[in-house]
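S.K.: Only the shape, not the letters, is given here:
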């Protein structure tokens, strides 16, 4: 490709000033293969100045259909984060909730609704939150392993000092200043991302420093990034070389041991990435038969076969279709869709109880928030409010509703697949989504 | 939870008839915690009767902001699927494309745009399509391994007969009938999902039958499901017991070796899941320095460190942030958001070329379509048309544009992260997205 | 460490001439912390000149205790490798075999023997061989992905020519010469390693070339290495640059996609690494109760729990303790102990049959031989002969006996673990091995 | 197979009484296909009554050749286990060590010796021990997730009480009794396996209890098993149902989250399985060139290519051939050969330093002992003593010598493979091992 090719093309501003938005829209309207019938995407069902807060290069909008399913019967725990960073259950209440699903997969909403019907007759879904952490993996690269271990040992002694430093009201990085864009003069450090543990992992001449945070009701990657950056630059680099005489060759803010948007085994077990949440339901044999047209034996045989199939093919997450439920709720509530993959990593189990089954699912890395990011979108706010999950203090409630919904989909999808020859599964796809 | 609790709650219809939609909306409007300020999500910027085609329980809509980035300079291959199911390159052309991104991650669109700027100065991005397959893993469970092997050997001899049977115009399952919902009287078998290979995997008394299809310009899970169901019920079960005297205890349509919506190693190498697509660019040292403010050494050191970090934490996919790009394009173009996780599995490389670097990324399972499913949404159609990717014959073009966009994001994100102390990365988040 | 430190130390010859062996032995005898009571390891129960054929730096010997278990009742398949490289079953016979186990794990031989007792009452163990391949992964590194793809496409067209070239009697690399150490004048190419398929995998600017061989009755890594080297240097490098004008920057003989001595998902499914072998047995409820003191329910519950435990912890291989059996037979028969890890990768299943269970195990990469390498050790030859597995034409028989033995250990160990509270498991360790 | 077939076969005693050993030997001597030339394996270079302590069914012995390589120049740390279970470095000393290798792989000892030569000129190998833990994963299965969580919360409060109970001198399970085989009357609990942490992992209705021990100078699986059994039966089952009213349906002693003899991601990072040990060396360019005939660029390019190859094929461990070194030392020193796979899981790195390279390797699960098990074999004792690693207080020294040896092999093998076209690698195999 000739390097000069781009010269005659329109300069493309990143800004979201009205004139920049118009400039981009006009350029697109002038494209020969894009006629007026397409320009409806350039209108504003939500004011452009509102949408302009969410990303650069704003040019149009997207509309997705939303189905609402429910009422989903739940036994929800009331959880608080204690001073040590542990999630503690302080009570439990029964509720019914309506859940918004934004997607275009024919059969999906009907399947969730069918699972809700079965769960309702079975006494509802019970949910649990076990843990809450987000990890940033910064890496310091040295000449030798011995130097990397010097940092590892130094960090082991500084972990509590790091946490204190971050939340210290006198930390100059916490003092907002006027007119400055620089970190020194602005509120660089976030008080919402609280450092809970610092671990290290040395491989070769590289010392990974795993900062583990809680991020309140936000999903929190940005606040965590700022605090990790502050720790690297203003705490470690300011003190470690002075204390030890050793200086790193490179400092990288994130180098993959933090599990950011790519699934990893390291976060499939404790401490997880985001919220560790479980849901369960016990289905009597008659509910399986009447509502789901399946026997306990069939579901158990499918679980066993599917678990071995997952193992044989190197599938880390074991469940039927958790990503479908996660994606649909994420899209309706302004969560980061780039986290659908990591947030969907799950482990579902089926075991016999009497003539029925116990079905459960564990999510080890549900990355969700009820404040910040896309949750401020007008539509997202409304859907969060529909579930009474908008704003501070709601994130554990929200996480539980998500996994309960996912469990209802698992139940329905597994039953369809398990019934003789998977006929029901095919019919669900065929009648609603399969023909398109 | 008391089983009677749900009785007083509204009955929740799945149907999308106007009265059912109204009934659901009215029920939600009556909820005590949901007031009129939230009801904007129940209006119809796109007619309800249009949205009603995409999912059950339709009740409202979601609006997402869309940024358009570009012009992205590409060397695009022209690919055709040959008679054997191989993807063959038949030519190559230079183009510039504008790419729509639906998301709410501050800094993301700007970062892609920055990567495009660098790629433009570097002569553009070159893309390649290697393969195209979708797999459905049906499983037949027997009493013994010997019986499962009997099926495996039988299937090995029947593979070509299966393919012929599926596409046979006289196949009664291909003849549409009137007024019937049953498979015997309707167009059960899809002519778009073409069976290319059948493999088996026996573990214990279970014989997995891996049907590998091409699905044309559709992503294709539904058409593949229907054809696999037809093969199981009308081909295998109709012939195998008769031929061998062996009958399976269970037949399951999908048991996880098909890689459906959960990442697995089996599809990280050939044959992939969906499209196997690669993108590459060669960045001279001066472009790295001027546009990305980074040196080749820094990028190479980050790649090395991050690759070891990925390995240490059991991260299957290695790249910086492919899921962000995949999710944003998927959301704008009506792709299945439940496939963001599997479609984002990638492997990125950086190697030195002269004083600069060669950067490349491989996606082994990009599950996309330009017809069917959510691509028929009015907004999705417009954004696909913006890229000249709407309709039949466009899916390999679309796949290439996606991976080229992902490469631009990789380039920009890696450069930000690699620059001294990852300061640029922080500033990108801080200035645009970090403060919210 | 001072660089000069090593100067005063003995020069250490690699050779196995008698005087070199003596020189090494004398040096060790002079060590201050090693007295005459240790020197028994420097004697020769097998002549030094015999042992000198197996490794350099020969200095002493090691003695391991060998237990023999049996008679193990088997239904063994008779397998041949056909012209296409497929393993074909040509018959089946019942036999009883005695199996040598070299190890020092108290309780292990008794546990295998207990499994044999149960299997005997249950009608024996049935075994199957599915496939046979060894892979060498050479990698050609280029400047760009486009160049790497050029090689991939060229190789796709040359695969059959490569196989013909290797086995061509006129290939000059096959002609032995006198007095030369150079490849040109010696029998570089092995006729035993037959090239069956050549696949490529392009990632970044790297084109992996996966040469898949069968290696006859030898395990075969060396003969495969020689043939892959010949293909790289004399076929690819001699023709590809001439045909295409493209020259690689680097050529590496093996770069990890070949699965050499490190477990990988790529070889856990077909085509495997070495032999793909399965064993199965059906245990009636009364045999479980009387011999193994366990119920079908307990074994099935353990399998289910253990499979979820394996999944939760990222354990690729699922079985109870296959490595113990593999290592013990490998050590007795001169197999490569460095392949214990890869050869032990297995997947075991338990399913209900009547009031009992079907137990099966699949090994996807059993790397064994009955000729070559350590199998020529005098003791190894005797133990192979004990099983009638010595020499050509015996490798599939040997592979089946190994997996049948492993299944008996699985059966016994699983039963011990599954019985109430795992009391039997503890007692087995306690009585025999636990107290030491 | 007819069930009666085994009836006419010899009854096979497990015992190691002289008459039982003779009975087995006589039975084998009577086999038609096994003549007198094979009977040398039934003689006793080590007295039968000594070998009889190591396994049941003792019938013969195995002889392996042992090469000794060295002198290997080391900077060894002096490590102690502190009261909290952390491994603490208390000093460091330079030494030279001779290392015994029992194997039959032509070229392997020469390759290690070549690596030692290079390391010697480069100033030697530096080693580090980071951690020490062995984990037993018991699992308690319930009806519901809520019950499983009840146990998880109960265990969280009991962890320190469990540790105290185990080491309490008044614990009745620690009092030896005469003439009894029952746990109540014998020394069931081991004082060497010290409980350090107890963690839980709940998935579905299953609560895994991860007991993490240190095991002193023994490898320790048996002592850990006994203590975990005692905790399950006498602590948890004696107290938990009484405290909570909840009783498990099943208790299993080990259910795969303990990493026992099967590699798992859970133990690839901290806390490891056995010893976490690192080795490093810095090789100047001239040493690479003169001794290893390779350039720094070639080694770095190979590491990069091989790391991507490992990633692409789902290979968890990344290094060249660590299992070869591990297996050879394990076989010479009476380690458990069934642990070769898990103990070989490693991560090697190469980075540029000046005109040379820094090469390092990390083993996350080296399962070794200097007392107990096979280390009591007469030959094993002599080889451990050769390295001054026999008996109590030596296990960290032994672990370091192993990883230093593995690093020398990595260095030599990587250099052979990296040199142009991997010619050296082929020649090493060809000249010494390849022709057999």
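M.R.: In hand now; what should we look at? A quick note: this is a predicted structure, and the numbers were derived from the prediction, not measured.
S.K.: C-alpha only now, for contacts and for neighbours.
M.R.: Noted.
S.K.: Surely residue A:225 touches residue A:136?
M.R.: Yes. Contact between residue A:225 and residue A:136 holds when scored by C-alpha atoms under 8 Å: they sit 7.0 Å apart.
S.K.: Can you pull the residues that touch both of the two?
M.R.: Common neighbours of residue A:225 and residue A:136, using C-alpha atoms under 8 Å, 6 or more residues apart in numbering or on different chains, are residue A:253.
S.K.: Neighbours of residue A:159, how many?
M.R.: Neighbours of residue A:159 under the rule other C-alpha atoms under 10 Å in any protein chain shown: 17.
S.K.: Which phi and psi values does it adopt?
M.R.: Residue A:159 has phi and psi values of phi -60, psi -50 when expressed as degrees, to the nearest 10.
S.K.: Quick check: it touching residue A:197?
M.R.: Yes. Taking C-alpha under 8 Å as the contact criterion, residue A:159 and residue A:197 are neighbours in contact, 6.8 Å apart.
S.K.: Looking at stretch A:315-326 now, give me its mean pLDDT.
M.R.: Average pLDDT, stretch A:315-326: 95.
S.K.: okay, now the closest residue to residue A:117 other than its chain neighbours: neighbour count?
M.R.: Nearest residue to residue A:117 in three dimensions, chain neighbours excluded: residue A:291, at 7.4 Å (C-alpha to C-alpha, 6 or more residues apart in numbering or on different chains). If you count neighbours by other C-alpha under 10 Å, residue A:291 ends up with 16.
S.K.: Residue A:116 is in contact with residue A:291, correct?
M.R.: No. Taking contact to mean C-alpha under 8 Å, the distance of 10.2 Å between residue A:291 and residue A:116 leaves them out of contact.
S.K.: right, is stretch A:384-402 up against chain B?
M.R.: Yes. Applying C-alpha under 8 Å from any C-alpha of the partner chain, one finds stretch A:384-402 touching chain B at A:385, A:386, A:388.
S.K.: Spatially central residue in chain A, please.
M.R.: In chain A, the C-alpha nearest the mean C-alpha coordinate belongs to residue A:367, at 2.6 Å (C-alpha atoms, centre = their mean).
S.K.: what residues are up against that one?
M.R.: Contacts here follow C-alpha under 8 Å, 6+ apart; on that basis residue A:367 touches A:219, A:273, A:274, A:275, A:339, A:342, A:343.
S.K.: How about residue A:61?
M.R.: Applying C-alpha under 8 Å, 6+ apart to residue A:61 gives the contacts A:41, A:42, A:43, A:44, B:63, B:64, B:65, B:66, B:102.
S.K.: name the element the fifth one belongs to?
M.R.: If you go by DSSP states H and E, residue B:63 is part of strand B:58-81.
S.K.: Can you name the next helix or strand after that strand?
M.R.: Once the chain leaves strand B:58-81, the next helix or strand it forms, by DSSP H and E, is strand B:87-102.
S.K.: chain center to the helix or strand following that following strand, what's the gap?
M.R.: Toward the C-terminal end, the helix or strand that comes next after strand B:87-102 (DSSP H and E) is helix B:108-121. If you compare the mean C-alpha spot of helix B:108-121 with that of the full chain, they lie 24 Å apart, counting by C-alpha atoms, centre = their mean, to the nearest Å.
S.K.: Run through the neighbouring helices and strands of helix B:108-121.
M.R.: With contacts defined as 3 or more C-alpha pairs under 8 Å, 6 or more residues apart in numbering or on different chains; DSSP states H and E, helix B:108-121 has these neighbours: strand B:58-81, strand B:274-283, helix B:285-292, helix B:395-418.
S.K.: between those, which gets nearest to residue C:304?
M.R.: Nearest to residue C:304 among those is strand B:274-283 (32.0 Å), distances taken as C-alpha to C-alpha.
S.K.: Next one: the nearest residue to residue A:68 once chain neighbours are set aside relative to chain C, how far apart?
M.R.: Nearest-residue entry for residue A:68: residue A:100, 4.4 Å, with adjacent residues in sequence omitted and distances by C-alpha to C-alpha, 6+ apart. As judged by C-alpha to the nearest C-alpha, to the nearest Å, residue A:100 and chain C stand 30 Å apart.
S.K.: could you list every residue that touches residue A:100?
M.R.: Taking C-alpha under 8 Å, 6+ apart as the definition of contact, the neighbours of residue A:100 are A:66, A:67, A:68, A:69, A:328, A:329, A:332, A:383.
S.K.: tally of neighbours for the residue nearest to the second one when sequence neighbours are not counted?
M.R.: When the adjacent residues along the chain are set aside, residue A:67 lies closest to residue B:58, with 4.0 Å between them (C-alpha to C-alpha, 6+ apart). Neighbour count of residue B:58, defined by other C-alpha under 10 Å: 32.
S.K.: show me the contacts for residue B:58.
M.R.: Shown in contact with residue B:58 (C-alpha under 8 Å, 6+ apart): A:65, A:66, A:67, A:68, B:16, B:21, B:51, B:52.
S.K.: thought the first one was touching residue A:104?
M.R.: Yes. Checked against C-alpha under 8 Å, the pair residue A:65 and residue A:104 is within contact range at 7.1 Å.
S.K.: Can you show me the helices along chain A?
M.R.: Per DSSP state H, chain A carries helices over the ranges A:18-29, A:48-51, A:108-121, A:145-167, A:221-230, A:237-244, A:285-292, A:296-312, A:322-333, A:340-343, A:378-386, A:395-418, A:423-428.
S.K.: looking at it, residue A:295 is touching residue A:283, isn't it?
M.R.: No. Using C-alpha under 8 Å as the test, residue A:295 is too far from residue A:283 to be in contact (10.6 Å).
S.K.: joint contacts of these two?
M.R.: Contact criterion C-alpha under 8 Å, 6+ apart; residues shared by residue A:295 and residue A:283: residue A:356.
S.K.: show me the contacts for residue A:109.
M.R.: Contact criterion C-alpha under 8 Å, 6+ apart gives A:67, A:68, A:69, A:101, B:55, B:56, B:57 as the residues in contact with residue A:109.
S.K.: Could you count how many residues lie near the first one?
M.R.: So that's residue A:67. 30.
S.K.: Bridged to it, which residues?
M.R.: residue A:101, residue B:58 (DSSP bridges).
S.K.: what pLDDT does it get?
M.R.: pLDDT, the model's per-residue confidence, is 98 for residue A:67.
S.K.: Which strand residues bridge whichever residue of the stretch 251-400 of chain A sits closest to chain D?
M.R.: When distances are taken as C-alpha to the nearest C-alpha, the stretch 251-400 of chain A approaches chain D most closely through residue A:360, which lies 5.0 Å from it. As for beta bridges, residue A:360 partners with residue A:280, residue A:349 under DSSP bridges.
S.K.: Wait, it touches residue A:346, no?
M.R.: No. With contact defined as C-alpha under 8 Å, residue A:360 and residue A:346 do not form a contacting pair (10.3 Å).
S.K.: which bits of chain A sit near chain D?
M.R.: For chain A, the contact set with chain D under C-alpha under 8 Å from any C-alpha comprises A:143-145, A:201, A:203-205, A:265-266, A:269-270, A:280, A:282, A:347-350, A:353, A:358-362.
S.K.: Restrict those residues to the buried ones and give me that as a ChimeraX selection.
M.R.: Applied in ChimeraX, the following selects the buried portion of these according to 16 or more other C-alpha atoms under 10 Å in any protein chain shown:
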select /A:143,144,145,201,203,204,205,265,266,269,270,280,282,347,348,349,350,353,358,359,360,361,362
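S.K.: In chain A, what residue comes closest to chain B?
M.R.: Taking C-alpha to the nearest C-alpha, chain A has residue A:341 as its residue nearest chain B, at 3.5 Å.
S.K.: Mind pulling the model confidence for that residue?
M.R.: Checking the pLDDT column for residue A:341, the value is 97.
S.K.: show me what contacts the nearest residue to it once chain neighbours are set aside?
M.R.: The spatial neighbour of residue A:341 that comes closest, neighbours along the chain excluded (C-alpha to C-alpha, 6+ apart), is residue B:341 at 3.5 Å. When the contact criterion is C-alpha under 8 Å, 6+ apart, the partners of residue B:341 are A:323, A:339, A:340, A:341, A:342, A:344, B:261, B:262, B:263, B:323.
S.K.: do the same with residue A:193
M.R.: By C-alpha under 8 Å, 6+ apart, the contact set of residue A:193 is A:213, A:214, A:215, A:216, A:220, A:223, A:224, A:227.
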